[in-house]
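**Q** please find the sequence and the predicted model below.
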Amino acid sequence: MKLFRINIYLKFSLFIKSIFIRYYFLDNKISNILKRNSKKKYFVLSSQLRVGFLVLLKYLKSKNKKKNEIIFSPYNLAEMINVAKNIGFKIVFSKINFDDAFYDFNYLKKKINKNTAAIVLTNMFNSYEDSKKIRNLCTNKKIYLIEDNAIYFDNYKLVNGKKIFTGSFGDFSLYSFNIMKNISALFGGGVATNDSAFINFYSNEIKKYSHFPFLRYLKQNFLYVLLKILSVKYFYNLFFFKIVKSAHLNKNFFLLKLFYPSLKFKIIKFPKYYFTKISNFSKKLIFLQLNDTVNRIQNHQIRKNNNIFYDKLFKKKNIKQVKLLMITDYNFQNFIDYPIIVNNKNDLNRYLLKKGIETRLLYYKDCTKLFDHKNTKNNTTEDLEKKIICLPNHSKVTKKYMFFLVNSIKQFYDKK
């Protein structure tokens, strides 16, 4: 019972359509949709989320050079920390709670001082209440809240019959439309805000940027088509699962780096392709998917139902070596991959692979190890990195498959 763990949300029909059809005023059309979603006055596109983040940090530097500290969750995407470091900000890591992998709020408050420019809220496992709490803290302390909404897009809280979407909490909200996201443009990102001065700064900055490199984009197009083919059950079962299984069991880091790009990370200066504009092809892909509200709602509902079913199964099986993250609202905490915290993660992964089950072994990193060598005793973050594993969650994941997967996990720990 083999199943590709990821879902490439971009439909092949839309990919082909974007090649041949012309659209005009795409920036405005995309902006209007995302301004409504984020409850912001302005929205600008970037070639990647981290490029929008880069320009935003340049803007914050230009406003007040004395405010040179940014607070991050230590469990994060290393590339984001690297952007802030390269712009010249001092990186400050807060502690996180093990129950929800979110900021330890009391510790976070102690980290704020007169030099704090912003807190980054990385939407990953947090609840609506968490987001409100951190927004209120930033408002009271008169510092910026930067909301990284890369993997929570279209998640929402229903309040008095109205949807409050993620991305609506930050003074600046960052979006990603890269190849693995639920709105996938191969490359792409953006920033939503009410700050008109930032929009002027961004417009002037982006004029200096070049066109996105053709060969890099061509490579991503090839990867997209390849992944679409490999996701077909016949090809996945025939050989691709065998490659994935072999890479994990034999610790083939060359192949593992292809499956987990985060393994390639190095602390380096900005590569040249950062200073580029989003391609028109990416804009067409973003618009077509944003405009397909029926499919967006359907994808959200499928993931939500899967998350609920996973929860019920694990609670029923009551596996002592498996810990579930706290979920208070399945619409808001609607995970693209279903996370669990386990003991003996690597052994479990090998056992599941032998049973034909592929999971996401690596998620984000404990960034204190990479960027804060003097203070690496953040045991919660280190434990989270060592113990978190993510289960498939998309339209091809059936209840039968989830039942088989959870039963297999129980069998592994029963043998222990």
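**A** Structure's in. What do you need?

**Q** gap between Ala101 and Ala84?
**A** 20 Å (C-beta to C-beta, to the nearest Å). Bear in mind the C-beta positions are built from the backbone N, C-alpha and C, glycine included.

**Q** now swap in Tyr152 and tell me
**A** Distance from Tyr152 to Ala84, counting by C-beta to C-beta: 20 Å.

**Q** pull the residues that contact stretch 271-289.
**A** By C-beta atoms under 8 Å, 6 or more residues apart in numbering, the residues outside stretch 271-289 that reach it are 9-10, 14-15, 17-19, 21, 23, 26-27, 29-30, 45-48, 50-51, 54, 177, 183-189, 206, 208-213, 216-217, 295-296.

**Q** mind checking which of these are buried?
**A** Members of the contacts of stretch 271-289 that pass the buried threshold by neighbour count (16 or more other C-beta atoms under 10 Å) are listed as 9-10, 14-15, 18, 26, 29-30, 45-48, 50-51, 54, 177, 183-189, 206, 209, 212, 217, 296.

**Q** ok, now which ones touch the nearest residue in space to Leu10 that is not next to it in sequence?
**A** Setting aside the residues directly before and after it, Leu10 is nearest to Ser184 in space (C-beta to C-beta, 6 or more residues apart in numbering), at 4.0 Å. The contact partners of Ser184, by C-beta under 8 Å, 6+ apart, come to 8-10, 177-178, 285, 289.

**Q** Asn349 sits in which helix or strand?
**A** Asn349 is part of helix 345-354, with elements assigned from DSSP states H and E.

**Q** what packs against that helix?
**A** Counting contacts by 3 or more C-beta pairs under 8 Å, 6 or more residues apart in numbering; DSSP states H and E, helix 345-354 packs against helix 241-249, strand 388-391, helix 399-415.

**Q** tell me the strands beside the first helix or strand past that helix going along the chain, with direction?
**A** Per DSSP H and E, helix 345-354 leads on to strand 365-366 as the next helix or strand towards the C-terminus. On the basis of DSSP bridges, the sheet neighbours of strand 365-366 come out as strand 75-76 (antiparallel).

**Q** residues in contact with the partner strand?
**A** The set of residues external to strand 75-76 that reach it, using C-beta under 8 Å, 6+ apart, is 96, 101, 122, 124, 364-367, 381, 384-385.

**Q** what's the next secondary structure element after that strand?
**A** Tracing the chain past strand 75-76, the next element assigned as helix or strand by DSSP H and E is helix 78-87.

**Q** where along the stretch 151-300 of the chain do the strands fall?
**A** Secondary structure of the stretch 151-300 of the chain (DSSP state E, counting those that start in this stretch): strands located at 156-159, 162-165, 172-176, 189-193, 210-211, 276-277.

**Q** if anything else comes up later, I'll come back, but that's it for now.
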